[in-house]
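Peer 1: model this:
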Amino acid sequence: MELIVQPLGQSVPVTAGDNLLAVLREHNIPISYSCTAGRCGTCRCKVLEGRVVESGQEAKITNPNEGQYVLACMSTLNESCVIEVPEPDEIVTHPARIVKAEVVFIEDATHDIKRIVLRSAKPLSFSPGQYAMLQFTPEHVRPYSMACLDSDDLLEFHVRLVPDGRVTGYIAERLKVGDSVRVSGPMGTAYLRRKHEGPMLCVAGGTGLAPVLSILRGALAAGMRNEIHVYFGVRSPADIYCADELASLAQRHSNLRVRIIVAMGVRDGAYRRGLVTDAVAEDLPNLEGWRAYLCGAPPMVDAATLLLRRRGIQPEHVYADAFYASAT
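Peer 2: Sure, this is the predicted structure:
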């Protein structure tokens, strides 16, 4: 039996029952990974020929691409096969950690969004755009994206309060400064690709702005000179937040363009009205060579993914971790 790894063209011998991630690591084949337990989704790869047996469940991620994707850490090889590892020059291998953190700041970002800032007892290494699992109590656990960088002293999260939500109800009514929070991560595949030199598109809906802010901060801090186009879509003017920060970043960095799109309730032309995907379609007719980061509710992510592929972005260059707002 053999395993052929594309786009590297590398072939390695395997034995029935071998774990795919273990084989890749043993032969120094570059692949991103973190938790090695099927939770973070980082080691996703594509099966081109042959079959592998995958166990466990993915983290709550919507993959916008086509094809038979598996998590290498949860996959067993039982026959010769060909796989494709994504972007071997952009791998991340942040070790999965569980750290204790303390709530140091809570504020209302909007009428239904809380900004929560934590101080971690130990550093948490992650790439801009990734997320973590926050455990406020054994019964109150939920994934949220970092809005900060791992070089910052504090961890920042944006939480939209869900009506009758179990976790967000706890956050709204009981969480206070000084409380302990267990942070597990990092997770997610929609992290900043630092080696890409072409234009970047970031589309955020609601608190999807949190990972987009992390991506922006990471790109600008690294001195990336790519054109960066940010589209931030909200339901109404009351749902806009961090507008001053976005404007300040755009003012300081000539390669950054920010557009805020409001679906309803706009008066006097204060903001552009409509759906964020319609705004992207109107402004950007050709996206060949671009990379896109989509952050928000699954319907927006799915609609944007279809649009961007029609506009010329390769499926493997559309990055999205879409979270379902269940009653939590």
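
Peer 1: ramachandran coordinates for Val22?
Peer 2: Slight slip there: residue 22 is Ala, not Val. When read as degrees, to the nearest 10, the backbone of Ala22 gives phi -60, psi -40.

Peer 1: repeat for Arg166
Peer 2: Note on Arg166: its backbone torsions stand at phi -70, psi -50 [degrees, to the nearest 10].

Peer 1: could you do the one 10 residues further on as well?
Peer 2: As for Lys176, its main-chain torsions (degrees, to the nearest 10) stand at phi -140, psi 160.

Peer 1: could you find the closest non-adjacent residue to it?
Peer 2: On the basis of C-beta to C-beta, 6 or more residues apart in numbering, the spatially nearest residue to Lys176 that is not a chain neighbour turns out to be Val103, at 6.9 Å. Where you see a C-beta, it was placed from the backbone N, CA and C, and this is true even at glycine.

Peer 1: what do you get for Val276?
Peer 2: The spatial neighbour of Val276 that comes closest, neighbours along the chain excluded (C-beta to C-beta, 6+ apart), is Gly233 at 2.8 Å.

Peer 1: identify the residues contacting the one you found.
Peer 2: Residues counted as contacts of Gly233 (C-beta atoms under 8 Å, 6 or more residues apart in numbering) are 203-206, 260-263, 275-277, 279, 296, 300.

Peer 1: report the beta-bridge partners for it.
Peer 2: Judged by DSSP bridges, the bridge partners of Gly233 are Gly205, Ile261.

Peer 1: quick one, domains of this protein?
Peer 2: 2-90, 97-187, 200-320 (automatic domain parsing).

Peer 1: got the ones you listed as JSON lines, with distance to Arg194 columns?
Peer 2: Formatted as JSON lines, the entries for the domains of the chain read as follows, by distance: least, C-beta to C-beta, whole Å:
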{"stretch": "domain 2-90", "distance to Arg194": "7"}
{"stretch": "domain 97-187", "distance to Arg194": "9"}
{"stretch": "domain 200-320", "distance to Arg194": "6"}
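
Peer 1: wait, doesn't Glu84 sit right on Glu49?
Peer 2: No: at 10.1 Å, Glu84 does not count as touching Glu49 under the criterion of C-beta atoms under 8 Å.

Peer 1: of these two, which one has the most company?
Peer 2: Set side by side, Glu84 and Glu49 show more neighbours around Glu84, with 17 against 11, by other C-beta atoms under 10 Å.

Peer 1: and that one, how far from Leu192?
Peer 2: In this structure, Glu84 and Leu192 are separated by 21 Å, where distance is defined by C-beta to C-beta, to the nearest Å.

Peer 1: and what of Pro315?
Peer 2: In this view, Pro315 and Leu192 are 19 Å apart by C-beta to C-beta.

Peer 1: which one's more surrounded, these two?
Peer 2: Ranked by neighbour count (other C-beta under 10 Å), Pro315 and Leu192 place Leu192 first, with 26 against 13.

Peer 1: check contacts around the more buried one.
Peer 2: When the contact criterion is C-beta under 8 Å, 6+ apart, the partners of Leu192 are 127-129, 214-215, 218-219, 293.

Peer 1: distance of it from Gly178?
Peer 2: Noted for Leu192: a distance of 32 Å to Gly178, by C-beta to C-beta.

Peer 1: again with Glu79
Peer 2: Glu79 sits 55 Å away from Gly178, going by C-beta to C-beta.

Peer 1: then stretch 139-151 to PDB, C-alphas only?
Peer 2: Backbone C-alpha positions of stretch 139-151 (Å, rounded to 0.1, in the frame of the first residue of the first chain) are rendered in PDB as follows:
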ATOM      1  CA  GLU A 139     -23.100  23.400  31.700                       C
ATOM      2  CA  HIS A 140     -22.300  26.600  29.800                       C
ATOM      3  CA  VAL A 141     -19.800  26.000  26.900                       C
ATOM      4  CA  ARG A 142     -19.800  27.600  23.500                       C
ATOM      5  CA  PRO A 143     -17.200  28.400  20.700                       C
ATOM      6  CA  TYR A 144     -16.300  32.000  20.100                       C
ATOM      7  CA  SER A 145     -13.700  33.600  17.800                       C
ATOM      8  CA  MET A 146     -10.800  35.700  19.100                       C
ATOM      9  CA  ALA A 147     -10.900  39.300  18.000                       C
ATOM     10  CA  CYS A 148      -7.300  39.800  19.100                       C
ATOM     11  CA  LEU A 149      -3.800  38.500  18.300                       C
ATOM     12  CA  ASP A 150      -2.000  35.900  20.300                       C
ATOM     13  CA  SER A 151       0.700  38.500  21.000                       C
END
